[in-house]
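In: Predicted coordinates and the sequence they were generated for:
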Amino acid sequence: MAKTIVVGGYTFKDLDHNGQLDAYEDWRLPGRQRAIDLLKRMTLEEKAGLMMHGTAPSIGAGSGMGVGTNYDLDRARTMIDGSKVVTFITRLAGDPAVLASQNNALQEIAEAGRLGIPATISTDPRNHFQFVQGASVAPGAFSKWPETLGFAAVGDPKLMRQFADIARREYRAVGIQEALSPQIDLASEPRWARYNGTFGEDAQLSKRMAEAYVAGFQHGEKGHQKR
């Protein structure tokens, strides 16, 4: 794990292990400034790896799709250190405490890298009563809600925002930062097999519900009242 640096009474992680505080390590600075500084330090290989979205490798049955309850940390280290991939989709299911510890283990590998760039961990939806292997994850101990089409049938943006806030808190509690849902594609092609991940064919309804979800996922159910 990265050592820490104390500057002006504040503590920072020494992500590139050079013993000094660099701009991208300084959490007091605006995100854009930190990102620009980091990009200047990255090699072309590291930038290419950052653009990849890999499956976090697992062990046991279903490991080809990353399914299971534990990561294959040796393969993950090869992806992070060798291929410079630090963005992953997780398909692990099971106990939330185990999922949190596994995601922490991925972050420890990423933090030990040359620049200590944190891993971004995403997931397909995992809060619904049904799931399809490769398109969603069994909810397990996560709260259970209607499918996206069910939310569309209810048609209540406030409920959508509440769901997004709860999903956000559940995801962050286990180390997931990115939700690969809901789909905002319109259900206009009857041969398409992923209708249930959309809000249907009504563009305006899809817009309202998607906006409510984004607001809830970013700011929480009552975030608009705090600004």
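Out: Arrived safely, thanks for sending.
In: What segments of the protein are helices?
Out: Counting by DSSP state H, the chain has helices at residues 31-41, 44-50, 73-77, 96-111, 148-154, 157-173, 203-219, 223-226.
In: Mean pLDDT and mean neighbour count for these - can I get that in TSV?
Out: C-betas here are computed from N, CA, C, even on glycine. Shown next, in TSV, are these (pLDDT from 0 to 100; neighbours: other CB atoms under 10 Å):
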stretch	mean pLDDT	mean neighbour count
helix 31-41	97	13
helix 44-50	95	14
helix 73-77	97	16
helix 96-111	97	17
helix 148-154	96	18
helix 157-173	97	18
helix 203-219	95	17
helix 223-226	48	10
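In: So for residue 192, which of the ones you listed sits nearest?
Out: Closest of those to residue 192 is helix 148-154, at 12.9 Å (criterion: CB to CB).
In: starting at the chain centroid, how far to that closest one?
Out: Remark: helix 148-154 is offset 23 Å from the chain centroid, using CA atoms, centre = their mean, to the nearest Å.
In: how near is residue 7 to residue 197?
Out: Residue 7 sits 46 Å away from residue 197, going by CB to CB, to the nearest Å.
In: Same check on residue 132?
Out: In this view, residue 132 and residue 197 are 9 Å apart by CB to CB.
In: So for these two, which sits in the more crowded spot?
Out: residue 197 (23 against 14; other CB atoms under 10 Å).
In: and the gap between residue 217 and residue 202?
Out: As judged by CB to CB, residue 217 and residue 202 stand 21 Å apart.
In: Noted, bye for now.
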